[in-house]
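**Student:** Would you be able to build a 3D model of this:
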Amino acid sequence: MTLTLSELAGRINATLIGDGATTVSGCASIETAGPEEVAFVANAKYGRHLASTAAAAVIVGPSVPCPDHVSRLVSDDPYYAFRNAMVALHGYRQHPEPMDDRGDGISPGACVHPEAALGKGVRLHPNAVVERGASVGDQTVLYPGAYVGPDARVGNECILHPSAVVYDRCVLGDRVILHANTVVGHDGFGFATHQGRHHKIPQAGIVVVGDDVEIGAGCAIERAAMGETRIGSGTKLADLISIGHGTHIGEHCLFVSLVGVSGSVEVGNYVVLGGQVGVTGHLSIGDGVQAAGKSAIAHDIPPGQKVGGVPAVDIDQAKRNALAGRDLYGLAKRVRQLERELERLSDHTDTAARSSRDEEQSSAE
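**Tutor:** Alright, predicted model coming up:
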């Protein structure tokens with residue numbers, strides 16, 4: 001797609017300062033953008049590149065100082081405006097037709113049970129499997145190796161990338177994206193230990209995923225032992241994330257890679273968990289909570305809190321703890337020195353006291 005800057009400004013609801021007739025055909029970072037590309041500055045630390053950028057225009061916020069020679073698209077939310085520019089100039093990934101398509105969008109190499117239901121415009125690539133009683137909604141794409149288990153339901157306009165798996169009876173809403181090798185609905189980690197042996201507890205529940213959820217590659221969403229594991233509408237999970245059985249995650253949450261949430265956790269709406277955050281089971285995390293990367297959440301977190309550290313505490317306290325712990329060896333060394341000095345002072349005081357007593361005794365005699 002090629003647009004003039006004037007056209008692009010209208011698409012992304014930005015104010016243009018510069019030559020509206022300039023044409024652009026793509027987006028790039030401010031360091032690498034060329035004369036036919038648009039860049040953006042949403043983080044102040046990249047502002048130093050504004051004077052030297054070769055971009056045709058830069059998307060910036062109203063308060064960002066910009067050299068006069070640089071054309072700019074001014075937006076109150078420059079990152080969102082850049083997102084819209086990406087959509088306008090690049091569009092979304094186009095999903096190819098199956099390579100041996102018979103004309104109906106379904107590869108002969110796909111396996112569809114006669115009692116499964118397929119919606120309009122479904123595309124099934126080789127080795128995609130749809131089991132008995134399962135339903136796949138309109139315009140949904142199943143890439144090679146994608147699996148939809150018995151009686152599972154996949155909504156409209158979903159995308160299951162290669163080797164994504166939806167186990168039996170689990171439910172995906174509309175416009176859900178499962179990236180490669182993600183599993184929805186495998187057995188939860190449920191065992192009863194008796195006389196030294198671990199006995200499997202049947203996992204009779206399911207997973208229900210809301211609309212507009214995107215789950216990254218290699219994620220694992222366990223089915224509930226009883227009832228449902230739920231992922232709320234609009235929630236986005238990055239790669240390599242594990243969600244335990246019976247956990248309920250609210251709407252529009254963001255979980256960064258390597259998050260691990262144990263079973264039976266209640267997570268509110270708009271919760272953000274940084275990379276490698278771990279959450280102990282049977283906890284409650286309120287709406288709007290934000291947890292810094294590598295936090296260990298071991299107790300309930302009230303709504304709106306920002307936390308960090310191991311175990312997780314208020315973020316300001318976590319920062320102070322981190323600063324105090326940057327040189328634990330040096331701190332321990334100084335403590336040992338102080339202890340030795342204190343011991344020397346104590347010995348000196350004891351010696352002085354004994355001398356004083358001896359003098360007093362001699363005078364008395």
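**Student:** Tell me the pLDDT of S363.
**Tutor:** S363 is assigned 67 on the pLDDT scale.
**Student:** can you check H49 too?
**Tutor:** Each residue has a pLDDT score; the one for H49 is 87.
**Student:** Skipping adjacent residues, who's closest to it in space?
**Tutor:** Setting aside the residues directly before and after it, H49 is nearest to I30 in space (C-beta to C-beta, 6 or more residues apart in numbering), at 4.6 Å. C-beta: built from backbone N, CA, C; applies to glycine.
**Student:** mind listing what that neighbour touches?
**Tutor:** With contact taken as C-beta atoms under 8 Å, 6 or more residues apart in numbering, I30 is in contact with A39, F40, V41, Y46, H49, L50, T53, A55, V58.
**Student:** Which ones among these map onto strands?
**Tutor:** Counted as lying in strands by DSSP state E, out of these, are A39, F40, V58.
**Student:** From those residues, pick the one nearest P150.
**Tutor:** Using C-beta to C-beta, F40 is the member of the ones in strands among the contacts of I30 that sits closest to P150, with 46.7 Å.
**Student:** show me what contacts that closest one?
**Tutor:** By C-beta under 8 Å, 6+ apart, the contact list for F40 reads C27, I30, V58, I59, V60, P78, Y79, A81, F82, A85.
**Student:** can you rerun that using 7 Å?
**Tutor:** Taking C-beta atoms under 7 Å, 6 or more residues apart in numbering as the contact definition, F40 lies against V58, I59, P78, Y79, F82.
**Student:** and the two most separated of those?
**Tutor:** Of all pairs drawn from those, the greatest distance, 12.8 Å, lies between V58 and Y79 (C-beta to C-beta).
**Student:** between those two, which one's more packed in?
**Tutor:** Ranked by neighbour count (other C-beta atoms under 10 Å), V58 and Y79 place V58 first, with 27 against 13.
**Student:** I'd say the more buried one and A39 touch.
**Tutor:** Yes. With the criterion set as C-beta atoms under 7 Å, V58 and A39 qualify as a contacting pair; they are 5.0 Å apart.
**Student:** where are the low-confidence patches of the protein?
**Tutor:** The chain contains residues with pLDDT under 70 at 101, 350, 352-354, 357-365.
**Student:** Domain map for it?
**Tutor:** Under the assignment automatic domain parsing, the domains of the chain span 3-90, 111-319, 332-365.
**Student:** got CSV for those domains, with distance to R102 too?
**Tutor:** Conversion of these to CSV gives the following (distance: least, C-beta to C-beta, whole Å):
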stretch, distance to R102
domain 3-90, 31
domain 111-319, 11
domain 332-365, 72
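**Student:** most packed of these?
**Tutor:** Neighbour counts (mean count of other C-beta atoms under 10 Å) averaged over each of the domains of the chain peak at domain 111-319, with a mean of 19.
**Student:** before we move on, back to that, between the ones in strands among the contacts of I30, which is nearest V184?
**Tutor:** Nearest to V184 among these is F40, at 34.3 Å by C-beta to C-beta.
**Student:** what bridges to the closest one?
**Tutor:** Legend: beta-bridge partners of F40 under DSSP bridges are I59.
**Student:** before we move on, the earlier item: same list (the contacts of F40) but as CSV, adding distance to D138.
**Tutor:** Converted to CSV, the contacts of F40 look like this (distance: C-beta to C-beta, whole Å):
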residue, distance to D138
V58, 40
I59, 35
P78, 36
Y79, 32
F82, 31
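**Student:** where's the residue nearest to H49, which helix or strand?
**Tutor:** Secondary structure from DSSP states H and E places I30 outside every helix and strand.
**Student:** now swap in the one 3 residues further on and tell me
**Tutor:** According to DSSP H and E, A33 maps onto no helix or strand at all.
**Student:** any idea how far it is from L328?
**Tutor:** Here the criterion is C-beta to C-beta, to the nearest Å. By it, A33 lies 44 Å from L328.
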